[in-house]
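> Here is a sequence together with a model predicted from it:
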Amino acid sequence: MSALRAAFRVRGSFWGIADQGAYSGNSFLLSIAVGYSSSPSEFGAFAIGFSVFTVVITVSRSLLVMPYVLEYRASTDKGLAEGAVGYRCALSAALAFSSISLVFVWISSLVLPGDLSSAFEVLAVTCYVVVIYDFFRYTTLVRFGTYRMFWMDFLWLCAFAVCVGLVGLTDSSSMVVVFLLWPLTSLVGVLVSPRAIWLPGRLPLRFVSTWRERYWGHGRNLVGEALVTSGSQSLVVLLLSSLSSVGFAGSMRGAQVILGPVVVVEQGLLASILPKVLECQEYGKYVRIRVMSIVFSAIMFLGVMIYCLILCVVPSEWVASLLGGVWDIGRQFLIPMSLLQAFSGISLGATLAFRGLRNSSKTVVVRSILAPVPFIFSVPALVLWGETAAIWALVFSGALGGVFLWAVFFYVRADLESAASRVGTEVLD
C-alpha cells in the first residue's frame with residue numbers, strides 16, 4: 001500500500017508538471033491551429049514535416065543537449081572558467097547542427113511538390129530556431145532550475161496563442177503562416193531566459209576537438225538509443241505516408257493531436273514518479289520499484305482507454321467545436337491510435353522499472369530488437385489490405401513491444417536487483 005501511495009505523490013514536482021503542460025500544450029495548439037486553417041492535404045504535409053522535425057530534435061537533444069547536461073556538474077566542479085568553456089563549446093556545436101539542418105531541409109523543399117515544398121520551407125526555419133531554443137531550455141533547467149524553464153515555455157505558449165488569435169481575426173491564417181509563427185514566437189522564451197544563457201561571450205571557432213573530447217562519449221550512446229525509439233516511430237510514419245498518401249499521414253497526426261492531453265498527463269506523471277523510483281533504488285526497495293512501475297503502466301493504459309471512451313460517447317459536434325478540423329481529420333483512426341498510445345504507456349512503465357534499477361543497456365538492446373517490428377508488420381499490411389490494416393498492424397507491434405519489455409524485465413529482474421544491492425547507486429551496464 002505504501003508503494004501505491006508513493007506512486008501518486010507529486011510533492012516538489014509541480015513546476016516539472018506545469019512545464020510539461022506548457023511545452024506539450026504548445027505543440028498541441030500548433031496542430032489544432034494548423035487543422036483549423038488548412039485542408040486535409042495541407043495538414044498531411046504539415047504532419048510529414050513535423051515528423052521530420054521530431055527526428056531532428058531527437059538527434060539534437062541526444063547528441064548535443066543531454067551530453068552537456070550530464071557533464072555539467074563535472075565541468076563546473078573544476079571551476080567557473082572551465083564550466084564556461086564547456087557551455088560555449090556545446091552551444092557552438094548546437095549552432096552548427098541547427099545550421100546544417102536548415103540547409104538540408106531547405107534543399108529538400110526545392111525538390112518536393114506542392115504543399116510538401118511549402119511545409120519544408122517553414123520546417124527549415126523551425127529546425128534552426130527551435131533546436132537552439134531547445135538547447136537554451138535544457139541549459140536553463142540544469143543551471144537555473146525548472147522554475148525558470150517553465151517561464152520560458154509558458155511565455156512561448158502565450159506569445160504563440162496571441163499571434164494565432166490575431167492571425168485568425170484578420171482571416172490570413174494558413175498552414176504556412178501558423179507553422180512559421182511557431183518557431184518565431186519561441187524567441188520570446190529565449191529573451192526571458194537568464195542572460196548568461198544567450199550571452200555567453202565569445203564562441204570558439206575550433207570547437208570540434210573539445211566537443212569530441214567532452215561530449216562524444218555520451219552523445220553516441222544517447223543518440224543511438226533515441227533513434228531506435230523515437231526516431232523509428234517517426235520514420236515508419238514517413239514510410240507509410242510515402243507508400244500511401246499525404247492524407248494518411250494527416251489522419252495519423254490528427255489522431256495523435258486528439259490524444260495530446262493524455263500525453264501531457266503521461267509525461268507529467270513520469271516526471272513526478274521517476275525521482276521516487278530512483279530514491280527507492282538507493283534504499284534497496286526493489287519491490288516498491290516494481291509496484292510503482294506496474295501502477296504507472298496500468299494508469300497509462302486505463303487512462304487512455306477512458307479518454308477514448310469519453311470522446312466516443314460525447315456528441316461529435318461538441319468535440320468538433322473544440323478541436324475543429326483536427327477532429328474530422330483524425331477521428332477515423334482514434335480507436336487504433338488510442339490503443340497504440342495505451343500500449344506505449346505500458347512500454348514506458350517497463351522502461352521506468354529498468355531506470356529504477358539504474359540500467360539502460362538492456363533497454364537499448366530490447367528497443368533495438370523491437371525497432372524493425374512496426375516496419376515488418378505495417379508495410380505489408382498497407383500494401384495488401386490498405387491504410388486501416390496498417391494502423392492496426394502498428395497497434396499489434398505496440399502491444400508486442402510492451403509485453404516483450406516487461407517479459408525481459410522480469411526475466412533479468414533478479415540479476416539486476418542482486419547487482420544493485422552490491423554496487424549501490426552505480427550505473428548498471
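Arrived safely. Residues are numbered from 1 along each chain as shown.
> so how many other residues sit close to residue 122?
Neighbourhood size, residue 122 [other Cβ atoms under 10 Å]: 22. For the C-beta atoms, the positions are set from N, CA and C on the backbone; glycine is no exception.
> Now the longest helix seen in the chain: buried residues?
As assigned by DSSP state H, the longest helix anywhere in the chain is helix 387-423. With burial defined by 16 or more other Cβ atoms under 10 Å, the residues of helix 387-423 counted as buried are 387, 389-402, 404-406, 408-409, 413, 416-417, 420.
> for that helix, the distance to its chain's centre please.
Remark: helix 387-423 is offset 20 Å from the chain centroid, using Cα atoms, centre = their mean, to the nearest Å.
> Quick one: list the elements packing against the one helix or strand residue 298 maps to.
Counting by DSSP states H and E, the element that carries residue 298 is helix 286-313. When contacts are defined as 3 or more Cβ pairs under 8 Å, 6 or more residues apart in numbering; DSSP states H and E, helix 286-313 packs onto helix 2-7, helix 260-282, helix 334-356, helix 387-423.
> Go again with 10 Å.
Under the contact criterion of 3 or more Cβ pairs under 10 Å, 6 or more residues apart in numbering; DSSP states H and E, helix 286-313 touches helix 2-7, helix 246-258, helix 260-282, helix 316-323, helix 334-356, helix 387-423.
> quick check, distance from it to the centre of its chain.
19 Å.
> Just want the angle from that helix to helix 387-423.
Orientation check (axes from the mean of the first three to the mean of the last three Cα atoms, to 10 degrees): helix 286-313 against helix 387-423 gives 160 degrees.
> Quick one: residues contacting residue 163.
If you count contacts by Cβ atoms under 10 Å, 6 or more residues apart in numbering, residue 163 has them with 33, 177-178, 180-182, 184-185, 188.
> Check these for burial and list the buried ones.
33, 177-178, 180-182, 185, 188.
> Adding secondary structure and distance to residue 239 as columns, could you present those residues in a markdown table?
Converted to a markdown table, the buried ones among the contacts of residue 163 look like this (DSSP: H, G, I helix; E, B strand; the rest coil; distance: Cβ to Cβ, whole Å):
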| residue | secondary structure | distance to residue 239 |
| --- | --- | --- |
| 33 | helix | 27 |
| 177 | helix | 29 |
| 178 | helix | 26 |
| 180 | helix | 27 |
| 181 | helix | 30 |
| 182 | helix | 25 |
| 185 | helix | 32 |
| 188 | helix | 36 |
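> So which of those is the closest to residue 87?
residue 188 (22.3 Å; Cβ to Cβ).
> Wait, the closest one touches residue 161, no?
No: here residue 188 does not reach residue 161: they are 11.3 Å apart, not a contact under Cβ atoms under 10 Å.
> Kindly reformat the contacts of residue 163 as CSV containing distance to residue 214.
Listed next are the contacts of residue 163 as CSV, based on distance: Cβ to Cβ, whole Å:
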residue, distance to residue 214
33, 40
177, 41
178, 39
180, 35
181, 36
182, 32
184, 32
185, 33
188, 31
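> can I get those in CSV with distance to residue 347 and pLDDT?
Rendered in CSV, the data for the contacts of residue 163 read as follows (distance: Cβ to Cβ, whole Å; pLDDT from 0 to 100):
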residue, distance to residue 347, pLDDT
33, 30, 86
177, 37, 88
178, 32, 88
180, 35, 90
181, 34, 91
182, 29, 92
184, 35, 92
185, 33, 93
188, 35, 90
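> between these, which is closest to residue 59?
The nearest one, if we look at these relative to residue 59 and count by Cβ to Cβ, is residue 182, at 19.5 Å.
> With adjacent residues omitted, what lies nearest to the closest one?
Distances taken as Cβ to Cβ, 6 or more residues apart in numbering place residue 30 nearest to residue 182, at 5.0 Å, with adjacent residues excluded.
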